[in-house]
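> test case, fold it:
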Amino acid sequence: MNTHLIHGYTLGNILARMLGCLFIASSLLKVFAFRIFADEVRLYLEAYFPEIFLGHEQILAICVCAVELIMGISAVLCLLKKELCVVYIVILSFFVWLTGINLFFPSLMGSIESCGCFGELIHFTPASSFIKSILLLMMSIIWAYIEHFRNTEKRI
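I've put the predicted structure just below:
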């Protein structure tokens with residue numbers, strides 16, 4: 001096994017576990033302040049989504065927490081890494097879009113001031129939330145590239 005592959009394997013596992021721990025922490029912190037997180041979901045629904053979603057903020061908040069927890073545990077345990085990389089990229093792309101639209105194109109009521117990303121523990125401004133989402137997306141893209149590179153190296 002060449003050294004380049006070993007470093008990629010290590011970096012890939014580090015990124016996977018970092019993303020996993022962040023998603024687990026995010027999910028659990030949202031659960032501890034669930035009503036506040038559901039209110040944040042409601043604010044985003046009112047500002048940026050069709051009215052059909054209104055009234056379902058608690059269900060959506062539960063789904064967000066559950067998906068984040070499952071994704072986090074899977075990443076920490078390195079389960080289905082190739083598929084999980086794609087899911088992380090999709091989810092984080094959505095968060096980049098949502099935080100970006102909140103930052104650059106606020107609703108008539110103005111920007112939503114706290115994204116609720118880590119419950120009530122950490123409050124992000126719209127700009128810091130957008131930057132955080134971009135950094136996490138970049139981490140997941142690097143992780144996906146390493147996973148793809150590792151799989152092509154094994155075939156050669």
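
> do you know the pLDDT at the residue nearest to the spatial centre of the chain?
What sits nearest the mean C-alpha location of the chain, by CA atoms, centre = their mean, is Leu92, with 4.5 Å. As predicted, Leu92 sits at a pLDDT of 97.

> hmm, it is touching Trp143, no?
No. Leu92 is beyond contact range of Trp143, at 10.8 Å (criterion: CB atoms under 8 Å). For glycine as for every other residue, the C-beta is placed from the backbone atoms N, C-alpha and C.

> and the closest residue to Gly116 other than its chain neighbours, how many neighbours?
Distances taken as CB to CB, 6 or more residues apart in numbering put Glu40 closest to Gly116, at 3.4 Å, once the chain neighbours are dropped. Residues near Glu40, counting by other CB atoms under 10 Å, number 21.

> send me the strand or helix carrying Glu40 as PDB with only the CA atoms.
Taking DSSP states H and E as the definition, one finds Glu40 inside helix 34-48. Extracted in PDB, the C-alpha atoms of helix 34-48 (Å, rounded to 0.1, in the frame of the first residue of the first chain):
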ATOM      1  CA  PHE A  34     -36.600  21.100  20.700                       C
ATOM      2  CA  ARG A  35     -39.400  23.800  20.900                       C
ATOM      3  CA  ILE A  36     -36.900  26.500  20.100                       C
ATOM      4  CA  PHE A  37     -35.600  24.500  17.100                       C
ATOM      5  CA  ALA A  38     -39.100  23.800  15.900                       C
ATOM      6  CA  ASP A  39     -39.800  27.600  16.100                       C
ATOM      7  CA  GLU A  40     -36.600  28.200  14.000                       C
ATOM      8  CA  VAL A  41     -37.900  25.700  11.400                       C
ATOM      9  CA  ARG A  42     -41.200  27.500  11.400                       C
ATOM     10  CA  LEU A  43     -39.500  30.800  10.700                       C
ATOM     11  CA  TYR A  44     -37.600  29.400   7.800                       C
ATOM     12  CA  LEU A  45     -40.800  27.800   6.500                       C
ATOM     13  CA  GLU A  46     -42.700  31.000   6.700                       C
ATOM     14  CA  ALA A  47     -39.900  33.000   5.000                       C
ATOM     15  CA  TYR A  48     -38.700  30.700   2.300                       C
END
